[in-house]
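Colleague: sequence plus the predicted model coming up.
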Amino acid sequence: MIVLKDAEVRQILENLTLDDIKEYQNTLSRGLIEYYQDNSIIPSRIVTTTKYATHLFMGSSGSQVGMKALTGSHSGFRGLTTILDKHDGSPIGILNAATLTAFRTALSTILALVKVFVPGDQKSFIGGNLIVYGSGPQAEWHLRLALTLYPGFFDKVVIINRTTKNADALVTILKAKFSGVLFEIVSMDDEIHITEAYKNTSVIFSCVPTSSPVVLKRNIDQDRRSRIFIGAIGSYKPEMIEIDGETLINQCISKGGKIIVDSINDCLREAGEFQQNNISKDSLIEFGSLLIHPTPKKALDQLNYMKSQRVIICKLVGLCVMDIFVGSKVLTEAKRKGLGTTIDNF
């Protein structure tokens, strides 16, 4: 069995090439397809809240088996992912969940993004500004993957955050790898500069657990770009909401599109975007259906919408199958690179 510290997980992931990212996307796709074909491989997650934190316990029993325990507190999200032998349950590896969680979530959003804007395609209409709400690990990995897949395509990366201190720290980290990228930090309450940034934005990532929506239709209406991708991953409770109902309904659903989700059942149960706006399962489409072959009719309609319409929205709450499939690949890379602590006869 191999145990990987967070620094070792990060060492494996932070210098991925374009081809490496594609390999991880292929791995993730297999997990999402398995879940789409059989939702029962993921039992309902257990969520408990104490006066200190919220604890989440999740499992996955597809072709790759494992469990994840994650705690969200004022210190952020911490926990572990355990990979098990699918035949007898023997532990194969334990990974610190911090970077792995942020990476697999960003990888999922980016997997939707590349369906809209094909990397390397000069006619894909991606460009202008890239906006991200938040400055934590989720924001970092969304930006890392996007800037790697679309080098030189964005005029500017706009980081919108409550505090500039944390945003400054994120820029310092990213500048070490993306020295040629122009970064701008905007306060969450600076409506003038936010509105200005939206006027030329093709990609918006929301990575904040907020109870008030930050992606607003009035800003989308100001955007001059012909194609806009919105990926939201920060809200995970019914009282949380990142995208306002007008954007969801008027900019996407009413125009024939559906909101891309990782799990229809989990999103309807956990995402404030859908509960607070009375959005039903008929307006959602599971990610795995867009990846499987042959492609179902409903998914073909959505793929056509994504190629022709202006606003495409992806909302994720996270699935354990993502952690297990991506974590298994990270373990394989760790073995190849000689990283981690090996425990024999565990």
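Modeller: Yep, that arrived.

Colleague: need the contact list for residue 246.
Modeller: By Cβ atoms under 8 Å, 6 or more residues apart in numbering, the contact set of residue 246 is 216, 217. Yep, even glycine has a C-beta here, placed from its N, CA and C like the rest.

Colleague: so which strand or helix has it?
Modeller: Element membership for residue 246, per DSSP states H and E: helix 245-250.

Colleague: averaged pLDDT, that helix. What do you get?
Modeller: Helix 245-250 carries an average pLDDT of 98.

Colleague: quick one: end-to-end distance for stretch 255-270.
Modeller: 25 Å (Cα to Cα, to the nearest Å).

Colleague: so what's the gap between it and the chain middle?
Modeller: Relative to the centre of its chain, stretch 255-270 is centred 14 Å away, using Cα atoms, centre = their mean, to the nearest Å.

Colleague: for the stretch 101-250 of the chain, what spans make up the helices?
Modeller: 137-149, 164-175, 191-198, 217-220, 245-250 (DSSP state H, counting those that start in this stretch).

Colleague: wait, which of the ones you listed is closest to residue 291?
Modeller: Across the helices of the stretch 101-250 of the chain, residue 291 has its closest neighbour in helix 137-149 (17.2 Å, Cβ to Cβ).

Colleague: just checking, what packs against that closest one?
Modeller: In terms of contacts (3 or more Cβ pairs under 8 Å, 6 or more residues apart in numbering; DSSP states H and E), helix 137-149 is packed against helix 18-37, helix 97-116, strand 128-133, strand 154-161, helix 164-175, strand 201-206.

Colleague: now the angle between helix 164-175 and that helix, please.
Modeller: Angle, helix 137-149 to helix 164-175, by axes from the mean of the first three to the mean of the last three Cα atoms, to 10 degrees: 30 degrees.

Colleague: how far out from the middle of the chain is stretch 40-59?
Modeller: The answer for stretch 40-59 is 19 Å, by Cα atoms, centre = their mean.

Colleague: now render the helices of the stretch 101-250 of the chain as JSON lines, adding distance to residue 336.
Modeller: Formatted as JSON lines, the helices of the stretch 101-250 of the chain follow (distance: least, Cβ to Cβ, whole Å):
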{"stretch": "helix 137-149", "distance to residue 336": "21"}
{"stretch": "helix 164-175", "distance to residue 336": "26"}
{"stretch": "helix 191-198", "distance to residue 336": "41"}
{"stretch": "helix 217-220", "distance to residue 336": "44"}
{"stretch": "helix 245-250", "distance to residue 336": "43"}
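
Colleague: which of those is buried the deepest?
Modeller: helix 137-149 (a mean of 23; mean count of other Cβ atoms under 10 Å).

Colleague: ok and it relative to strand 128-133, angle-wise?
Modeller: Using the same axes, to 10 degrees: helix 137-149 against strand 128-133 is 160 degrees.

Colleague: between strand 154-161 and helix 137-149, find me the angle.
Modeller: Using the same axes, to 10 degrees, helix 137-149 lies at 180 degrees relative to strand 154-161.

Colleague: chain center to helix 137-149: distance?
Modeller: Worked out by Cα atoms, centre = their mean, helix 137-149 lies 10 Å from the chain centre.

Colleague: flag every buried residue along stretch 16-28.
Modeller: 16, 21, 24, 25, 27, 28 (16 or more other Cβ atoms under 10 Å).

Colleague: mind picking out the helix or strand in the chain with the poorest mean pLDDT?
Modeller: When the helices and strands of the chain are scored by mean pLDDT, DSSP states H and E, strand 46-49 comes last with a mean of 90.

Colleague: helices and strands around that one, which ones?
Modeller: strand 54-61.

Colleague: any idea of the mean pLDDT for the strand it packs on?
Modeller: 95.

Colleague: name every strand pairing with the next helix-or-strand element following it and say which way it goes.
Modeller: As assigned by DSSP H and E, the chain's next helix or strand after strand 54-61 is strand 65-73. The sheet places strand 65-73 alongside strand 54-61 (antiparallel), strand 76-84 (antiparallel), with pairing taken from DSSP bridges.

Colleague: now tabulate these in CSV and tack on mean neighbour count and distance to residue 10.
Modeller: Below are those laid out as CSV (neighbours: other Cβ atoms under 10 Å; distance: least, Cβ to Cβ, whole Å):
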stretch, mean neighbour count, distance to residue 10
strand 54-61, 19, 22
strand 76-84, 20, 14
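
Colleague: any chance of those in TSV, plus distance to residue 340?
Modeller: What follows is the strands paired with strand 65-73, written out as TSV (distance: least, Cβ to Cβ, whole Å):
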stretch	distance to residue 340
strand 54-61	21
strand 76-84	12
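
Colleague: closest to residue 139 out of those strands?
Modeller: strand 76-84 (12.1 Å).

Colleague: now the angle from that closest one to helix 97-116?
Modeller: 90 degrees.

Colleague: hmm, who's touching strand 76-84?
Modeller: So strand 76-84 is contacted by 56, 64-71, 90-98, 100-101, 136-137, 323-324, 327-328, 331 (Cβ under 8 Å, 6+ apart).
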